[in-house]
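Chemist: Compute the structure for the input listed below.
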Amino acid sequence: MELPFYFYTWRSITLNKANILQRILPHGHDAVWIDGIISVVGETPTQSLTTVRYLREEQTHFQGHFPTTPICRGTDMLEMANQTAACLYFILNDGVMEKRPEINMYEKIRFRQKAYPGQTLLIKCFNPKNERRAFRCDVEITIHCPEKPIVVATIEGLGGLKC
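Modeler: Below you'll find the model as predicted:
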């Protein structure tokens, strides 16, 4: 079952699945780890962008990790963070991206909880710094819970995007 891919329009930039696949992420349809952009908040330099990822048991990455008790791998969460950061970078540069994003730096990664199939993850990139052809931001990944979000992972200093 294909879930809806949310889109977001901010200023004159519309980010939908086609835009993200064509202009931001080089991977192709099967390797897109975000299911949509749900919010863009604030103006530079306090801007943040939040994406959503629905964890579904039929997704292939759950089959081998671990077969009896599937959990979302930390490397998969890092890729969700990478792709969310690439969308924020795209917006901060007013929709101009000469070269596809490249992430080559992570600082202070902390995995605090396990994420399981059936849960919805919210990936928030915030506190962006866009300097000298380099980009950096902080990331918080939470399990969506209406009463109280559960922090799954934090990254203080994801960066190295080059334009």
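Chemist: all contacts plus neighbour counts: C-alpha atoms, from now on.
Modeler: Will do.
Chemist: is it true that Val41 touches Leu49?
Modeler: Yes: using Cα atoms under 8 Å, Val41 is in contact with Leu49, at 6.4 Å.
Chemist: who's more crowded, those two?
Modeler: Comparing Val41 with Leu49 by other Cα atoms under 10 Å, the one with more neighbours is Leu49, at 23 against 12.
Chemist: what about the chain, any weak spots by pLDDT?
Modeler: 1-13, 17-18, 21, 26-29, 43-46, 97-101, 161-163 (pLDDT under 70).
Chemist: For it, identify the residue most remote from the centre.
Modeler: For the chain, the largest distance from the centre (Cα atoms, centre = their mean) belongs to Thr68, which lies 27.2 Å off.
Chemist: How is that one assigned, secondary-structure-wise?
Modeler: Under DSSP: H, G, I helix; E, B strand; the rest coil, the three-state class of Thr68 is coil.
Chemist: After the lengthiest strand in the chain, which helix or strand is next? Please name it.
Modeler: The longest strand of the chain (DSSP state E) is strand 120-131. The helix or strand immediately downstream of strand 120-131 is strand 134-143, counting by DSSP states H and E.
Chemist: Kindly calculate the angle that that next one makes with strand 120-131.
Modeler: Orientation of strand 134-143 against strand 120-131 (axes from the mean of the first three to the mean of the last three Cα atoms, to 10 degrees) gives an angle of 160 degrees.
Chemist: Since that was my last question, I'll sign off now.
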